[in-house]
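> pasting a predicted model and its sequence here:
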Amino acid sequence: MKMLPLSLLAAAAVGGEVAAAPAGLVSLTQSPLVMRLSKDEFRIAFGINGEKCLPKGCHGLIRYRVNWKTEDGVSRSESKQVSYTVSPHAPRAIAVDRQYFDTAEGEHLTDIVEVSVDAIICAEAMAGMHGS
């Protein structure tokens, strides 16, 4: 997938399956949004629907996988995670992760092929599991 420069304020959504939180408290509002900052630097944003967390709010982790490819044909897949917090005063939040994908520190133009969410873990859901 070819991406437009951030200087043009362009961003591309990258498809992928979205998994629900174990207790169903948190979900994504849409597919992850990928923004290119340089040849190999990206921001990956996750819109979070935390309406079911109100009125207390909640926090947790999003575990995701990124498939990427360099201009010379090298393909890789990496597992990542980013934390999120849903405020007690707002039903939605955003989590943004900063990532570099290359085999030689900025030597290649890198494209993100796919971002898929493996799991959304909510601290409230985990609290119940620890008491068993």
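Yes, it's here. Bear in mind that the values here come from a model prediction, so they are computed numbers and not experimental data.
> CA atoms for contacts and neighbours, from now on please.
Noted.
> please enumerate the helices of this protein.
Secondary structure of the chain by DSSP state H: the helices cover 123-130.
> least confident secondary structure element in this structure?
Lowest on mean pLDDT, DSSP states H and E among the helices and strands of the chain sits strand 12-13, with a mean of 37.
> specify the beta-bridge partners of L33.
A13, A45 (DSSP bridges).
> neighbours of it, how many?
17 (other Cα atoms under 10 Å).
> I'd say it and I94 touch.
No - L33 is beyond contact range of I94, at 10.7 Å (criterion: Cα atoms under 8 Å).
> okay, and the common contacts of the two?
Residues touching both L33 and I94 (Cα atoms under 8 Å, 6 or more residues apart in numbering) are A45, F46.
> run a quick neighbour tally on V26.
Neighbours of V26 using other Cα under 10 Å come to 26.
> got the contact list for it?
Neighbours of V26 in contact, by Cα under 8 Å, 6+ apart: A20, I48, N49, G50, E51, K52, C53, I120, C122.
> same list (these) but as CSV, adding distance to T110, pLDDT and neighbour count.
Converted to CSV, these look like this (distance: Cα to Cα, whole Å; pLDDT from 0 to 100; neighbours: other Cα atoms under 10 Å):
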residue, distance to T110, pLDDT, neighbour count
A20, 29, 37, 16
I48, 27, 96, 21
N49, 30, 96, 19
G50, 33, 92, 25
E51, 36, 92, 17
K52, 38, 90, 14
C53, 37, 88, 22
I120, 27, 94, 27
C122, 32, 89, 25
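> and the strands in this protein, which stretches?
For the chain, applying DSSP state E gives strands covering 12-13, 27-28, 33-36, 41-49, 58-70, 75-86, 92-100, 110-122.
> partner strands of the second one, with direction?
Its sheet considered, strand 27-28 pairs with strand 41-49 (antiparallel) by DSSP bridges.
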